[in-house]
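K.L.:
what would the 3D arrangement of this be:
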Amino acid sequence: MLIGMLIIGIYGNFLWNPVVFDDQYFFDGTFHANYLNNGFGSELRWLPYATMEWTHSLLGLDLIWFHLGNLILHIANALALLFFLQRLFDLVLRKDERCANLDETATKLSNSWVAFFCVLIFSLHPAAVYAVTYLTQRSTLMATFFTIIMLRLVIEGIDRKKQSYLFASAFAYSFAVTSKEHAVMAPAVAVSLVFLLKKPSKELFKQIGMSFLLYFFIALFTFFQVKSQNVLAQAYQNNGSELLSRLSFMDNGFPVSLAYPLSILTQTFLFFKYLLLWLLPDPAWMSIDMYEDFAMRLWSWPYVLSLLGFIFYFIIAVRFLFRRGLYGLLGFGMLCPWFLFATEFSTVRIQEPFVLYRSYLWMAGGVAIFPYFMLKMPAKRTAAAVVCLLLLMVPLSWNRLQSFSHPYLLWDDAAILVEKKTDIPGVERIFYNRGIALFNLKHYPEAIQDYSKALTIYPKYSYAYNNRGAVYLELKQYPKALSDFNIAIALKADYPNSYFGRARVYEDTKNWDGAAADYLKLCSMGIAQGCQKFKELKATLGSLR
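P.N.:
Alright, predicted model coming up:
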């Protein structure tokens, strides 16, 4: 109850935050029948996206209902994590005499209080805001929920020696990966959990064998689903090959053929940045769209060092795990993010190489590291330290939520972080998006500055030309507007908005033939509004003659 109240206290005033990024897909005013009518499905992410459509169908498009759904899931994750950690701590620590280096008169926190504090650290953390407030990341929230349920069922299956719990865990795992495929490595976490609870033996392997076989087939199904999307070991974005070409242009020696191993190298470095931001959650280091330098050589510094660190991190965590008890929990907490992070190696990440919302799934189990520190001190001192930490995190989370409260704040927040990183391919979209926010606020000179900056970074950015042309059109600077629309059409001839914009320029400057030609072109592209505007223009010209 208290956990839910605290979460609501932080998020409750931000249930009307606007949509961002992929959220627009669910707010275009149409129903997506593939999610609305199909019921149970095997398509990846079908369940979270179906709940978005169900909300639309039952309650309309008021944002509060969608944010409320994500908030309920965040609370559910916190409660599921609490029950999981309480059970885990009771099993692991009940016979461990190394829980604290205290004198005999000192007292330590109970396992329930330790679990409670661990859950609060996770659920009130500023980084969690990115998964909860970004509506489409309901997929991450659901994958986290089912992963926690899966692990809790594994505990029960091992402790009670009942196959039914282990089979149920496979069922939960299937829901986790169909909520978001990034949960595919959850069985590796389950392995570390099993070895934390029990020493390896033939009896143990016989006990878990069938359930792990089910995990394997579910993971294999997920692999083929993802493989069919042509994202494995390649730049999966629509402009992926273009981004690679830009890296090659920046450095003639950049080996495009090695983009995949270089991406892995880059991600091993970023793994430690994720850990840093969860341990030191400074909002000044966070934003919705973060760009990081890409390793340009296999021996690039400090990426080679981070690869070695990534490997040694795993070795150290495993050594802790097999010590069991308090050290085992520390090892388990270290391995949770390590295993789940492995999906970052599945593709070439140039655009969106570092996104905080994905870390929500990894770090839920990561809080299992904290008992090692909490149980090293007397209870009162530990409680005071944790309460101070939580009091600090509340305003930090409010700060992150505030950044989501308006598109300008969101993109200005991102722009501040990349002011000195404008040489990184893809970064131009931050200034483009801030330009859109400024345009909607009618801050036209500032919008032109952002679009121009985006074009300075990437001169072939057709959408930036189009939008800057729209600003010039509003300002009635017709020659500049016409020039930008012409360039936008030359770069991307199938984008309807550029033809509409140029047609408006022609109409305002009484170039009726030019306007008619653009509307006719739109009509030929299958744009009904273009056909209508062409007819209206012809009728108007006919009445004038």
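K.L.:
in the chain, which residue is most central in space?
P.N.:
Tyr357 (3.3 Å; CA atoms, centre = their mean).
K.L.:
can you tell me which helices and strands the helix or strand where that residue lies packs against?
P.N.:
Counting by DSSP states H and E, the secondary-structure element that holds Tyr357 is helix 356-366. Judged by 3 or more CB pairs under 8 Å, 6 or more residues apart in numbering; DSSP states H and E, helix 356-366 is in contact with helix 129-133, helix 138-160, helix 259-279, helix 325-341. All C-beta atoms are positioned from the backbone trio N, CA, C, and that covers glycine.
K.L.:
make CSV from these and add distance to Cys523 and mean neighbour count to it.
P.N.:
Listed next are the helices and strands packed on helix 356-366 as CSV, based on distance: least, CB to CB, whole Å; neighbours: other CB atoms under 10 Å:
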stretch, distance to Cys523, mean neighbour count
helix 129-133, 41, 26
helix 138-160, 38, 24
helix 259-279, 42, 20
helix 325-341, 50, 23
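K.L.:
okay, the ones you listed in JSON lines with mean pLDDT and distance to Val194 next?
P.N.:
Formatted as JSON lines, the helices and strands packed on helix 356-366 follow (pLDDT from 0 to 100; distance: least, CB to CB, whole Å):
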{"stretch": "helix 129-133", "mean pLDDT": "97", "distance to Val194": "27"}
{"stretch": "helix 138-160", "mean pLDDT": "97", "distance to Val194": "6"}
{"stretch": "helix 259-279", "mean pLDDT": "96", "distance to Val194": "24"}
{"stretch": "helix 325-341", "mean pLDDT": "97", "distance to Val194": "10"}
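K.L.:
can you put these in JSON lines and add distance to Glu242?
P.N.:
Output for those, formatted as JSON lines (distance: least, CB to CB, whole Å):
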{"stretch": "helix 129-133", "distance to Glu242": "26"}
{"stretch": "helix 138-160", "distance to Glu242": "27"}
{"stretch": "helix 259-279", "distance to Glu242": "13"}
{"stretch": "helix 325-341", "distance to Glu242": "27"}
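K.L.:
what's the closest of those to Ala493?
P.N.:
Ala493 sits nearest to helix 259-279 of all the helices and strands packed on helix 356-366, at 28.9 Å, using CB to CB.
K.L.:
just after the closest one, pick out the following helix or strand.
P.N.:
Next along the chain after helix 259-279, with elements defined by DSSP H and E, is helix 303-323.
K.L.:
dump that following helix to CSV, restricted to CA.
P.N.:
What follows is helix 303-323, C-alpha atoms only, in CSV (Å, rounded to 0.1, in the frame of the first residue of the first chain):
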residue,chain,number,x,y,z
TYR,A,303,36.3,0.7,-25.7
VAL,A,304,38.9,-2.1,-25.5
LEU,A,305,39.2,-1.5,-21.8
SER,A,306,35.4,-1.6,-21.4
LEU,A,307,35.3,-5.0,-23.2
LEU,A,308,37.8,-6.3,-20.7
GLY,A,309,35.9,-4.8,-17.9
PHE,A,310,32.7,-6.3,-19.2
ILE,A,311,34.3,-9.8,-19.1
PHE,A,312,35.9,-9.3,-15.7
TYR,A,313,32.6,-8.0,-14.3
PHE,A,314,30.9,-11.3,-15.3
ILE,A,315,33.7,-13.4,-13.8
ILE,A,316,33.6,-11.5,-10.5
ALA,A,317,29.8,-11.7,-10.4
VAL,A,318,29.9,-15.5,-10.9
ARG,A,319,32.5,-15.9,-8.2
PHE,A,320,30.3,-14.0,-5.8
LEU,A,321,27.2,-16.0,-6.9
PHE,A,322,28.8,-19.3,-6.0
ARG,A,323,29.8,-18.1,-2.6
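K.L.:
stretch 75-92 - what's its average pLDDT?
P.N.:
Regarding stretch 75-92, the rounded mean pLDDT is 97.
K.L.:
okay, buried residues for that stretch please.
P.N.:
Neighbour counts over stretch 75-92 (16 or more other CB atoms under 10 Å) mark 75-82, 84-89, 92 as buried.
K.L.:
what is the nearest of those to Gln237?
P.N.:
Asn77 (28.8 Å).
K.L.:
got the angle for the helix holding Tyr357 vs helix 259-279?
P.N.:
Relative orientation of helix 356-366 and helix 259-279, computed by axes from the mean of the first three to the mean of the last three CA atoms, to 10 degrees: 60 degrees.
K.L.:
keeping just the C-alphas, turn helix 356-366 into PDB.
P.N.:
This file holds the C-alpha atoms of helix 356-366, laid out as PDB (Å, rounded to 0.1, in the frame of the first residue of the first chain):
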ATOM      1  CA  LEU A 356      17.300   4.700 -20.500                       C
ATOM      2  CA  TYR A 357      13.900   3.100 -20.800                       C
ATOM      3  CA  ARG A 358      15.400  -0.300 -21.900                       C
ATOM      4  CA  SER A 359      17.400  -0.400 -18.600                       C
ATOM      5  CA  TYR A 360      14.200  -0.600 -16.600                       C
ATOM      6  CA  LEU A 361      14.000  -4.300 -17.400                       C
ATOM      7  CA  TRP A 362      17.600  -5.000 -16.500                       C
ATOM      8  CA  MET A 363      17.800  -3.100 -13.300                       C
ATOM      9  CA  ALA A 364      14.700  -4.600 -11.500                       C
ATOM     10  CA  GLY A 365      16.700  -7.600 -10.400                       C
ATOM     11  CA  GLY A 366      19.800  -5.400 -10.100                       C
END
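K.L.:
where in the stretch 1-150 of the chain is pLDDT low?
P.N.:
Applying pLDDT under 70 to the stretch 1-150 of the chain flags the ranges 29-34, 36-42, 95-106.
K.L.:
all helices of it, in order?
P.N.:
2-11, 33-36, 46-59, 63-93, 111-123, 129-133, 138-160 (DSSP state H, counting those that start in this stretch).
K.L.:
got JSON lines for those, with distance to Leu262 too?
P.N.:
Below are those laid out as JSON lines (distance: least, CB to CB, whole Å):
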{"stretch": "helix 2-11", "distance to Leu262": "38"}
{"stretch": "helix 33-36", "distance to Leu262": "36"}
{"stretch": "helix 46-59", "distance to Leu262": "32"}
{"stretch": "helix 63-93", "distance to Leu262": "34"}
{"stretch": "helix 111-123", "distance to Leu262": "32"}
{"stretch": "helix 129-133", "distance to Leu262": "26"}
{"stretch": "helix 138-160", "distance to Leu262": "26"}
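K.L.:
sorry, back to before: so which of the helices and strands packed on helix 356-366 gets nearest Ile430?
P.N.:
helix 129-133 (15.5 Å).
K.L.:
for the closest one, C-alpha coordinates in CSV please.
P.N.:
Output of helix 129-133 as CSV, limited to C-alpha atoms (Å, rounded to 0.1, in the frame of the first residue of the first chain):
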residue,chain,number,x,y,z
VAL,A,129,10.5,7.6,-15.4
TYR,A,130,11.6,7.0,-19.0
ALA,A,131,9.8,3.6,-19.1
VAL,A,132,6.7,4.7,-17.2
THR,A,133,6.0,8.0,-18.9
